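**Student:** Dropping a prediction and its sequence here:
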Amino acid sequence: MTRIDRPSIDLHCHSTASDGTLTPAELVAAGARAGLDVMAITDHDTTGGWAAAEAARPPGLALVRGAELSCRWYGVEPAIPLHLLAYLFDPEDPALAADLIRLRSDREQRAEKIVGLLRADGVDISWPEVSGYAAGGSVGRPHIAQALIRAGLVRTTSEAFASRWLGARYFVPKADLDVFEAVRTVRAAGGVPVFAHPNATVRGRIVPDKLIVELAAAGLFGLEADHEDHTVAQRVHVRALAEELGLVVTGSSDFHGTHKTVRLGAFTTDPSAYEQIVAAASGVPVLG
Ligand code: AMP
Ligand code: ZN
Ligand code: FE
Ligand code: FE
């Protein structure tokens, strides 16, 4: 029988290079097993998983190299944090590479601060323990959550994000990139910027549509509409906004291994949107 089903394209996946639980090699193997045709590795603020993912890429799985950049919109007080997916950029672009180094080193200082606040309240976790869970990758709150689970204080990562823990009481902000500068830097590095889960009110405050209009004018290429943190109404709204602004629409799992419950390929991107992203990129090619 000829294959008439459309390719399965998942453009947002995390590995142990940040706060996923599968190594980059395990991630690409899991992608192939899950029936994906295209997978993007998009670790937080790092390209550290690219080489291992490339080396382990199963035949038949196309690999899009990317990252998810920690950004902030400074147009309101207090500024609103947001995530920018960046695809197929040149990892050696000096400006972008320097930004990534700065973001990761700030993540370390911030995580160490959070651990200090918890310890001051008698919580029996330590920075060496948390740093060990990150294992040289981009450290994030899910690694602190892992220590809280180990200490028997919460049962799940989600519980650790409640306001009495990492959500508010022990929350310390990161030193994020200005989102306009990030869009321009990604473009200048030959990459393609897509706004991750832009309407996910479940994660906190979201930016107004008028900011997305300005970002589109500044070089933003797409909006992630289909994401588990969006309600159906939010997905519909993001799609309509993208159409109005001439942006592509993506859908993806935002897979984090066992740090989240979502499965690979739970949400996917339309092949035509994927092809537009690839055509707009000039940093590095898709592998496979
Ligand atoms: P950080 O980057 O250190 O601020 O931590 C945020 C990361 O934790 C993101 O990758 C989210 O996907 C993840 N995260 C945020 N909220 C939750 C939650 N409620 N349960 C599990 N993971 C979460
Ligand atoms: Zn994450
Ligand atoms: Fe995100
Ligand atoms: Fe993500």
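**Tutor:** Here it is on my side, so go on. Ligands and ions are numbered 1, 2, ... in the order given.
**Student:** tell me the contacts of Gln146?
**Tutor:** 130, 133, 157 (CB atoms under 8 Å, 6 or more residues apart in numbering). The C-beta positions use only the backbone N, C-alpha and C, and glycine is treated the same way.
**Student:** ok, and the closest non-adjacent residue to the last one?
**Tutor:** When you say that, I think you mean Thr157. Ala145 (4.5 Å; CB to CB, 6 or more residues apart in numbering).
**Student:** What is the burial count for the one you found?
**Tutor:** 24 (other CB atoms under 10 Å).
**Student:** between the contacts of Gln146, which is closest to ligand 3?
**Tutor:** The closest of those to ligand 3 turns out to be Thr157 (CB to the ion; 14.0 Å).
**Student:** where does the closest residue to ligand 3 within the stretch 51-200 of the chain land in three-state SS?
**Tutor:** Minimum separation of the stretch 51-200 of the chain from ligand 3 (CB to the ion) falls at His83, amounting to 3.6 Å. Under DSSP: H, G, I helix; E, B strand; the rest coil, His83 falls in the strand class.
**Student:** does it have beta-bridge partners, and which?
**Tutor:** Beta-bridge partners recorded for His83 (DSSP bridges): Ser70.
**Student:** returning to what we had before: check the contacts of Gln146 against ligand 4 and report the nearest one.
**Tutor:** The closest of the contacts of Gln146, once distances to ligand 4 are taken by CB to the ion, is Thr157, at 13.3 Å.
**Student:** how close does the closest one get to His143?
**Tutor:** Counting by CB to CB, to the nearest Å, the gap from Thr157 to His143 is 10 Å.
**Student:** Got the confidence number for the residue nearest to Thr157?
**Tutor:** Here, the pLDDT recorded for Ala145 equals 98.
**Student:** pLDDT averaged over the helix or strand that contains Tyr274 - what is it?
**Tutor:** Assigned by DSSP states H and E, Tyr274 belongs to helix 271-280. For helix 271-280, mean pLDDT rounds to 98.
**Student:** Contacts for that helix next, please.
**Tutor:** Contacts for helix 271-280 (CB under 8 Å, 6+ apart): 6-7, 9, 11, 38, 64, 87-88, 192, 194, 221-222, 248-250, 286.
**Student:** Could I get the buried residue list for that helix?
**Tutor:** Residues 273-274, 276-278, 280 are the ones in helix 271-280 that count as buried (16 or more other CB atoms under 10 Å).
**Student:** What's the per-residue pLDDT of the closest residue to ligand 1 within the stretch 1-150 of the chain here?
**Tutor:** Going by CB to the nearest ligand atom, ligand 1 is nearest to Gly140 of the stretch 1-150 of the chain, at 3.1 Å. What the model reports for Gly140 is a pLDDT of 97.
**Student:** Ok, His259 next?
**Tutor:** For His259, the model assigns a pLDDT of 89.
**Student:** how deep is Glu205 tucked in, by neighbour count?
**Tutor:** Small correction: residue 205 is Arg, not Glu. So Arg205, with other CB under 10 Å, has 12 neighbours.
**Student:** I'd guessed the residue of the stretch 51-200 of the chain closest to ligand 3 sits against Gly66; true?
**Tutor:** No - in this structure His83 lies outside contact range of Gly66 using CB atoms under 8 Å: 11.8 Å.
**Student:** quick one: the strands in the stretch 101-250 of the chain?
**Tutor:** Taking DSSP state E, counting those that start in this stretch as the test, the strands found in the stretch 101-250 of the chain are 177-178, 192-195, 222-226, 248-251.
**Student:** What lies in contact with the last one?
**Tutor:** Outside strand 248-251, the residues within contact range by CB under 8 Å, 6+ apart are 11-12, 85, 194, 221-227, 238-239, 242-243, 267-270, 273-274, 276-277.
**Student:** which stretches of the protein have low pLDDT?
**Tutor:** Scanning the chain with the threshold set as pLDDT under 70 gives 1-4.
**Student:** Just want the most central residue of it.
**Tutor:** Geometric centre of the chain, nearest residue: Glu68, 3.8 Å, by CA atoms, centre = their mean.
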